[in-house]
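1. Pasting the sequence and the predicted coordinates here, then a few questions.
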Protein chains: 2
Amino acid sequence: MSGSTRTPTLADVAETAGVSLSTASLTFSGNKPVAEATRERVLAAAAALGYRGPNPLARNLRQGRSGVVGVAVGQLSEAFRDPATLPLFDAMSEVLGAAGLGLLLMADDDGHARLPLDAVIFDICGRDVWMPYDDLVARGVPLVVIEGPAWPGTTYVDIEHRRGSAELARHLRGLGHDRVATVTLEPSQPQREREAGLREVYADLEVVGACASDLTAAQEVVGAWLDTDPDATALVCQSDVQAAGAVLEARRRGLSVPGDLSVAGFDGVATPWLDLELTTVVQPIAEKGRTAARAALARIEGEAVADVVLPVELRVGGSTGPAPRRDAQGG
Amino acid sequence: MSGSTRTPTLADVAETAGVSLSTASLTFSGNKPVAEATRERVLAAAAALGYRGPNPLARNLRQGRSGVVGVAVGQLSEAFRDPATLPLFDAMSEVLGAAGLGLLLMADDDGHARLPLDAVIFDICGRDVWMPYDDLVARGVPLVVIEGPAWPGTTYVDIEHRRGSAELARHLRGLGHDRVATVTLEPSQPQREREAGLREVYADLEVVGACASDLTAAQEVVGAWLDTDPDATALVCQSDVQAAGAVLEARRRGLSVPGDLSVAGFDGVATPWLDLELTTVVQPIAEKGRTAARAALARIEGEAVADVVLPVELRVGGSTGPAPRRDAQGG
DNA sequence: TTGTATGCGTTATCAC
DNA sequence: GTGATAACGCATACAA
C-alpha cells in the first residue's frame, strides 16, 4: 500500500527481493560476501524498481564522512593567475579522485562553514589565504597546509625555499654578479626563507619591493626600479611570472636580458609566450599536490602524518648570463 | 552516566540546557522564534559543552541536500589553460558561495558517482567533457550545461556564437579582406555555429584545422598553414589564446600583424604578455557563470528554468587592419 | 513559545 | 550467508 512515485530505497529493494535490509546493503557495499543467487535477486529487484544505489547522504551520516575535501585558495582569481596552481590542483584532484573523494573549492568569503568537509587543504603558497582555523580545528577537521604558516595540529607540506634560493645566488655569483636585487612577494615565512637563502651569498641584497605574482604588477614594480638606474646586475624574482614581467619590462626599456640584466625566477612553470627559457628554481609542484592530498587522506584515516619538505632544483636557462662590465653608469 | 569524550550532539545541548531537542534545533536554525531567555540558555549550554553547531552530515540527510554543486570540466589542466575558465569559476563560486553552497571540481576520470551532488554544471565551452548523463538524470540531479550539446532535461546557458562570428566577419569585409581562413576548435555545436556565422559573409571560408585552445598548439597549426603561403589575408581564431599564438607565429616568420595578416580571436580575455590588443568577440564570461550558477540554484529549488543565450560584442583591437595589397604572392 | 514523536536511508553489530 | 535491530544527528509536523 506504499506510494508509487517515491524514489526507491534500499528497504524497498530488500522487500521486493524478499531479503533482509542487511543483505541488500551488503549486496551494494560488498563489505561481506553474499551468495551469488541472492545477489542477483537483489540486483534484479533494484533494476525493476529503478534503484540507483545507496543514497550518499544517508551513507555519509552513517559513516561520519562526506567524501569531500576542501581546498582553501584565497581569492580564486588570484590563486589561478599563478600558473603553479593548476598543476597543483591537477595532482591533488588525481589523488583524491582515485580515493573516491571530491575536491571542493573554497574561496575566501564563501560561507563554507556549514559544509561537511572531511579535511581541508590550505593552498597558501605565498598568498593571503584566510584560515577559519579555530573553527575547523574545533570541529576536528584534519588540516594540511601547503607553504604556509606553522599552526599547531596541522600537517605541513613545504619546499626548500632557502636552499633553492641560495643555490640560485651561488649561480649568479659564479657569473660574476656582485650586486643582486630581488623582487619579493607579500611577506610570509617562505618569502623570508628565500631572502635568507639569497643573503647567504649576497649579504647586501637589495630588496626591490613586494608585488603580487602577476605579470602587470611585476612589470610596474620592476619598471619603477629600473628607473632608479640601479647598481644590481641581476634581479631575482620570486615566481616565473614575475620574472617574465621583469624580462618584458627590461626589454621595453632597451635593456637586453641577460646582456644588461640577468633575471631569475622561481617555480619552474612554462612560459611559452616568452622566447626565452628562464633561469629558475624548479619546485616539484605535482609532487607537492600529491603529497598534500595523500596527507589529507591519511589524516582522514586517523593516521599521524609527518611534515614534508620537498627538494627543489636549480634550472639554468637563458635569462641569466655573465655580469656586464661596468663602464659608465650611475648608481 | 554518559561518556565524556564523545563530541556533543544537539541532544546533549538540549539536555544540558533543560530544553527539548526541537527547541535546541530551532535555536540554531532560526526557523522559528525562540524566547530570548531560552535561546541564551541553549547557547550557554552549547558553549559549555563545546558544541560547534549542528552536524552538517545529519542536516544534509534530513533535508535531502548536500550543499554541494559539482562542476564538470573535463581534464583540469586543459580546462584551466583556457583563460576564460577562471572568470567563469569566479562568478559561479561567488553566486553559489553566497547561497551557502560549495563548488566541487569534477575532473573526468574521478569517481564522483558516490558523492551527493545537489546539481551539476557542465562547463563544456567547446571542450570534451565526459557526461555521466544517464546516471545523473536517473538520480534526479539537476543539470546545467554551458555551451554544450542539447540533452533533454538539462538547462542551457550559451552565447551568441553565430551572431558574434558574423559580426566579426563583417568587420573584416569592411577592411577589404576577400579571403578569410579560420582555425577551429574540436568539432562541437558552438564551433559549427561560429563557422556558420563566418560563412554568412565568407561563403568560401577556408578552414585551417582544429587544435586545442592552447598557445603552442595554435602556433603549430598556424605555422603549418603559413608555410602553405595562403591566399587568406585574415585569420579568425576561436579563442584569444589561439589568436595570440597566431600573432606570435606570424611575427616569427617576419609577417607583421595586422600589416600582412589580420588576426582575430574570440572570448575577450586579457593577454597582457601580448603587446597588441586583439580584435575579438567579447563574451560575457562572468555573466555566463552567474547565470549558470543561478540556474543551478533555481533547479535545486525545483523551479523550472528557461535556457539562456547571452549576447556577445565585437571589440576591435589592433590585430586587424586593412587587407594588404596583393602584388606578387603565390597561393 | 515549547515539547513529543517520527523519519531521513543507511551501515554496523550481533546473533542465528 | 542471512536477518533483526540499533544507531547516525538532526529537522519538522503536530500537539500542547
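-> That came through, no problem.

2. So which residues on the stretch 51-200 of chain A come close to DNA strand D?
-> Residues of the stretch 51-200 of chain A that fall close to DNA strand D, judged by Cβ under 7 Å from any atom of the strand: A:58, A:61-62, A:64. Placement of C-beta: from N, CA and C, glycine included.

3. And the residue in the stretch 151-300 of chain A that DNA strand C sits nearest to, how close does it get to A:T155?
-> Distances between the stretch 151-300 of chain A and DNA strand C by Cβ to the nearest atom of the strand are smallest at A:I300, namely 14.4 Å. With distances taken as Cβ to Cβ, to the nearest Å, A:I300 is found 11 Å from A:T155.

4. Mind listing the shared neighbours of those two?
-> Shared contacts of A:I300 and A:T155, defined by Cβ atoms under 8 Å, 6 or more residues apart in numbering or on different chains, are found at A:P142.

5. Looking at those two now, which is surrounded by more residues?
-> A:T155 (22 against 17; other Cβ atoms under 10 Å in any protein chain shown).

6. I figured that one hits A:G148, correct?
-> No: the pair A:T155 / A:G148 is not scored as a contact, 10.8 Å apart, by Cβ atoms under 8 Å.

7. List buried residues within the residues of the stretch 51-200 of chain A next to DNA strand D.
-> Buried members of these, counted by 16 or more other Cβ atoms under 10 Å in any protein chain shown: A:58, A:61.

8. Could you dump the residues of the stretch 51-200 of chain A next to DNA strand D into CSV with secondary structure added?
-> Output for these, formatted as CSV (DSSP: H, G, I helix; E, B strand; the rest coil):
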residue, secondary structure
A:A58, helix
A:L61, helix
A:R62, helix
A:G64, coil
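
9. can you narrow the residues of the stretch 51-200 of chain A next to DNA strand D to ones near chain B?
-> The subset of these within reach of chain B, by Cβ under 8 Å from any Cβ of the partner chain, is A:58, A:61, A:64.

10. quick one: which of those is nearest to B:P33?
-> Nearest to B:P33, judged by Cβ to Cβ, of these is A:L61 at 28.2 Å.

11. my guess is the closest one meets B:N60, correct?
-> Yes: taking contacts as Cβ under 8 Å, A:L61 lies within contact range of B:N60: 7.2 Å.

12. what about the helices in the stretch 201-331 of chain A?
-> A:215-227, A:240-252, A:285-300 (DSSP state H, counting those that start in this stretch).

13. how about CSV for these, with distance to DNA strand D added?
-> Formatted as CSV, these follow (distance: least, Cβ to the nearest atom of the strand, whole Å):
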stretch, distance to DNA strand D
helix A:215-227, 44
helix A:240-252, 44
helix A:285-300, 16
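
14. Quick one: closest of the ones you listed to chain B.
-> When the helices of the stretch 201-331 of chain A are compared by Cβ to the nearest Cβ, helix A:215-227 sits nearest chain B, at 5.0 Å.

15. by contact count, what packs against the closest one?
-> When contacts are defined as 3 or more Cβ pairs under 8 Å, 6 or more residues apart in numbering or on different chains; DSSP states H and E, helix A:215-227 sits against strand A:180-184, strand A:206-210, helix A:240-252.

16. from the helices of the stretch 201-331 of chain A, which stretch is densest packed?
-> By mean neighbour count, with neighbours taken as mean count of other Cβ atoms under 10 Å in any protein chain shown, helix A:240-252 ranks first of these at a mean of 25.
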